[in-house]
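>>> next come a sequence and a model predicted from it.
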Amino acid sequence: MINLLLVSHGSRDPRPQQAATRLADLIQTKLSNATIETAVLELAEQPLHQQIINFAHKLLDSKLVNSQTNSQTNLQVNSKTNSPANSLEILILPLFLLPGVHVMEDIPHEVNLARSILNPIPNPISNPISNSPITLQILPHLGSHSGMFEILTEQQMFTKTSREISIDTNSTINSTNSINPLNSPNSSNLDLVEVWILLAHGSKYHHAHQPIKTLAQQINAIPAYWAVSPSLETRVEMLVAQGYKTIGILPYFLFPGGITDAITKQINNLQQQLTDVQFKLASPLGATNNLSDLILDLISTKVE
């Protein structure tokens, strides 16, 4: 039996939670032996550690009912693990794309809080032996899966790929540097030239940007960030100065929400300012079968 809790960021906008629920439902259809729920790190009525505790209590209650139905006692021991039959393992999967503060600090902190409450140190007098050990296991965050490359490539193809351009992303790029396309924007087929910007949220953890740089190189794009520099506007200004007329933007965000709305608004503003430039904006990743397959793969690695 797999018990999975999908943890997303949290938002006042209802769309991200609706998408997270759809993603959980997709996974559920592929895992008949699983109990799957969602939780959020921020902007919820309860903190994440309490949401984890609630999920654990719900699972324990369900196990108790099943145990009573099958005339099993709470002291029954599993012959393989030598653990009580009402022991419990919960897999916690962060629906985050970057290994930033939330993934590296905030979620582990909340999980440790939940763990300490669910599994208090046994009292040698009143409770010398805990008969309900609960294991909380944090899985690798979603963005760590190598399959993100294929998903982004599909987003490019769906949005509209013209002709492949090779970009040197190994060197530092700023407004005074140039990228080195194999096909110059001044070629005879100017209308077919397209260059991609991979736009991620960004983090104060600079090491969190390395996966974005790697992904950008794999999909032949240049990286930009919403919350830190280099920004989308800076990258666009650089590319326009070099003569590019068709610019594709890949928002590296899971679901539609306030930030993706703001990205759309900024691109509309840029379009009004740069009337001779065409922008092609891809959709966020979304609650898709491909994304659910990546999650299944992360789960199977742990379960095996």
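Happy to help now that I have it.
>>> quick one: buried residues of stretch 223-241?
By 16 or more other CB atoms under 10 Å, the buried positions in stretch 223-241 come out as 223-226, 230-232, 235-236, 238-240. The way it works is simple: take the backbone N, C-alpha and C, and place the C-beta from them, glycine included.
>>> stretch 264-283 too?
Buried residues in stretch 264-283, counted by 16+ other CB under 10 Å: 266-267, 270, 280-282.
>>> stretch 205-216 now?
Buried residues in stretch 205-216 (16+ other CB under 10 Å): 205, 208-209, 211-212, 215-216.
>>> show me which of those residues is closest to residue 94.
residue 208 (12.8 Å; CB to CB).
>>> how close does the closest one sit to residue 98?
Using CB to CB, to the nearest Å, residue 208 is found at 5 Å from residue 98.
>>> how about residue 22?
22 Å.
>>> who has more neighbours out of the two?
Per other CB atoms under 10 Å, whichever of residue 22 and residue 98 has more neighbours is residue 98, with 24 against 15.
>>> mind listing the helices for the stretch 151-300 of the chain?
Secondary structure of the stretch 151-300 of the chain (DSSP state H, counting those that start in this stretch): helices at 210-218, 232-241, 258-273, 289-303.
>>> out of those, nearest to residue 120?
Using CB to CB, the nearest of the helices of the stretch 151-300 of the chain to residue 120 is helix 289-303, at 25.5 Å.
>>> list the buried ones in that closest one?
Under the neighbour-count criterion of 16+ other CB under 10 Å, helix 289-303 has 291-296, 298-299 buried.
>>> just stretch 248-255 next, same as before
248-255.
>>> now do stretch 5-16
Neighbour-count burial for stretch 5-16, counted by 16+ other CB under 10 Å, picks out 5-11, 13, 16.
>>> contact partners for residue 232?
Going by CB atoms under 8 Å, 6 or more residues apart in numbering, residue 232 touches 197, 199, 224, 226, 249, 263, 266-267.
>>> quick one: it from residue 249, how far?
From residue 232 to residue 249 the distance is 7 Å (CB to CB).
>>> which neighbours do the two share?
Shared contacts of residue 232 and residue 249 (CB under 8 Å, 6+ apart): 197, 199, 263, 267.
>>> can you lay out those as JSON lines showing distance to residue 144 and pLDDT?
Below are those laid out as JSON lines (distance: CB to CB, whole Å; pLDDT from 0 to 100):
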{"residue": "197", "distance to residue 144": "22", "pLDDT": "97"}
{"residue": "199", "distance to residue 144": "19", "pLDDT": "98"}
{"residue": "263", "distance to residue 144": "24", "pLDDT": "98"}
{"residue": "267", "distance to residue 144": "28", "pLDDT": "96"}
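>>> so which of those residues is the most crowded?
residue 199 (29 neighbours).
>>> isn't it right up against residue 247?
No: look at residue 199 against residue 247 with CB atoms under 8 Å: they stay out of range, at 11.2 Å.
>>> next, show the common contact partners of those two.
Shared contacts of residue 199 and residue 247 (CB under 8 Å, 6+ apart): none.
>>> and residue 135, that's in a helix?
No: with DSSP: H, G, I helix; E, B strand; the rest coil as the criterion, residue 135 is strand rather than part of a helix.
>>> distance of the nearest residue to it once chain neighbours are set aside from residue 53?
With sequence-adjacent residues excluded and distances taken as CB to CB, 6 or more residues apart in numbering, residue 135 is closest to residue 89, at 4.3 Å. Going from residue 89 to residue 53 by CB to CB gives 15 Å.
>>> of the two, who's got more company?
A side-by-side neighbour count of residue 89 and residue 53, using other CB under 10 Å, places residue 53 first with 19 against 16.
>>> enumerate every residue touching that one.
Shown in contact with residue 53 (CB under 8 Å, 6+ apart): 114, 117-118.
>>> cool, residue 15 as well?
By CB under 8 Å, 6+ apart, residue 15 lies in contact with 255-257.
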